[in-house]
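> My questions concern the predicted model and sequence given below.
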Amino acid sequence: MNRIATFVLVCSLSLALAPGALAHHSAAAFDTQQQVKATGTITEFTFRNPHVYMTLLVRKADGSTVALEVEAGAASVLNPLGFNRDSIAVGDVVTIVGNPARAKPDTLMLGRDLYKRDGAYYPLNIASRSIYAVRNEIATTIAGTWFSPLSEFNAFLGAARNWPVTETGKAALAGFDPKATTQKDCIPVGVPTLMFYPVADTITVQRDRVVMKVDWMDSERTIFLDGRKHPPASDTFLHGHSVGRWEGDTLVAETTNFKEHPIGLSTSLPGSTRKRVTERFRLAQDGKSLNYSGVIEDPVYLARPVEWSGQWLYRPNMPHSNEKCDLAVARKFLGDY
């Protein structure tokens, strides 16, 4: 392979990978019906949340060079798939497959897959194939680190699109602007959507509480087990106030006191201060997965309570990205439209 190889644009190809929803924002700024393949030398690389960025110096067919910026997924999302800050470095020659930006296709790409000169593969997108080495380990309680695969995330969002909504909910959906997402301000989506993000989620069980650290925009939840009541309705919190109890080996959590949230119920449906969530966390019989189910109520936006269920996979050795949400990076995509 030449140190700086040819930039190839393969037009009118449908991606083999489903475009999928990006963890931070939609892919509307990119032409997902065209596939871009670029080979070049990495001149810049930042491993950040909610997006990883890198710049390639690429030689075009006419002999000129161009700096191609590649937008990849979040550090929190790529980390569980096997891509971390040590996977590549400035000076590496790589080939990246992805989608060109609609407004500036020669200088911006949405990365999907990365290949190094030695043939090593790395995922760059939430929908890319994982290279994480899965071990055959078994949990004995809900404590530990868990991972909700993309299939569960997509299934939850797919079901949310069919939830019965009020007239207020219909108006909110009709007027939703993806560029107005609170995640551009490093404010994550609400519970329970947050709990289905394909990131590391570590549960710590203590005598009087259960703490859940979700590796997405610095999210942490505490479920109190000490018999306390919810605070007055005027006291509101981003992830609500949670109290719980054990029913055998199942943790049941009831959460109220949510703040108003533009994406509190799903990635496009708001949540009100009247939102109430009941969750159940139960270890599966094989010890390799955790059953996560519950009921959401919000009379402002939902015509009736809705139920959900899903599974998380046990991943005791999966690390957190330990990357804070970078506000400048979170808003960077706005310039792509």
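Noted; the coordinates are in hand.

> Gly91 is in what secondary structure piece?
Of the helices and strands defined by DSSP states H and E, none includes Gly91.

> Scan this protein for its longest strand.
The strand that spans the most residues within the chain, counting by DSSP state E, is strand 35-46.

> ok, that strand: who's next to it in the sheet?
Using DSSP bridges, the strands paired with strand 35-46 in its sheet are strand 8-10 (antiparallel), strand 53-59 (antiparallel), strand 93-100 (antiparallel).

> just the helices in the chain please.
75-78, 150-160, 167-174, 327-332 (DSSP state H).

> Show me how far the shortest one is from its chain's centre.
A distance of 8 Å separates the centroid of the chain from that of helix 75-78, by Cα atoms, centre = their mean, to the nearest Å.

> for that helix, which positions count as buried?
Within helix 75-78, the residues that count as buried by 16 or more other Cβ atoms under 10 Å are 75-78. The way it works is simple: take the backbone N, C-alpha and C, and place the C-beta from them, glycine included.

> same thing with the last one?
If you call a residue buried by 16+ other Cβ under 10 Å, then helix 327-332 has these buried ones: 329-330, 332.

> Now tabulate these in JSON lines and tack on distance to Ser272.
Converted to JSON lines, the buried residues of helix 327-332 look like this (distance: Cβ to Cβ, whole Å):
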{"residue": "Val329", "distance to Ser272": "30"}
{"residue": "Ala330", "distance to Ser272": "25"}
{"residue": "Lys332", "distance to Ser272": "30"}
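
> Could you dump the buried residues of helix 75-78 into TSV and include distance to Ile126 and pLDDT?
Output for those, formatted as TSV (distance: Cβ to Cβ, whole Å; pLDDT from 0 to 100):
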residue	distance to Ile126	pLDDT
Ala75	12	97
Ser76	10	97
Val77	5	97
Leu78	8	97
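
> Return the most buried member of the strands paired with strand 35-46.
Mean neighbour count (mean count of other Cβ atoms under 10 Å) peaks for strand 93-100 among the strands paired with strand 35-46, with a mean of 22.

> Show residues contacting it.
With Cβ atoms under 8 Å, 6 or more residues apart in numbering as the contact definition, strand 93-100 has outside contacts at 1, 3-5, 9, 15, 27, 30-32, 34-42, 56, 70, 88, 106, 108-117, 124-125.

> Output that strand as CSV, nothing but the C-alphas.
Provided in CSV are the C-alpha atoms of strand 93-100 (Å, rounded to 0.1, in the frame of the first residue of the first chain):
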residue,chain,number,x,y,z
VAL,A,93,-2.0,4.8,7.3
VAL,A,94,-5.6,3.5,7.3
THR,A,95,-8.4,2.8,5.0
ILE,A,96,-11.9,4.0,6.1
VAL,A,97,-15.2,3.1,4.6
GLY,A,98,-18.2,5.3,5.2
ASN,A,99,-20.6,7.9,3.8
PRO,A,100,-19.9,11.4,2.3
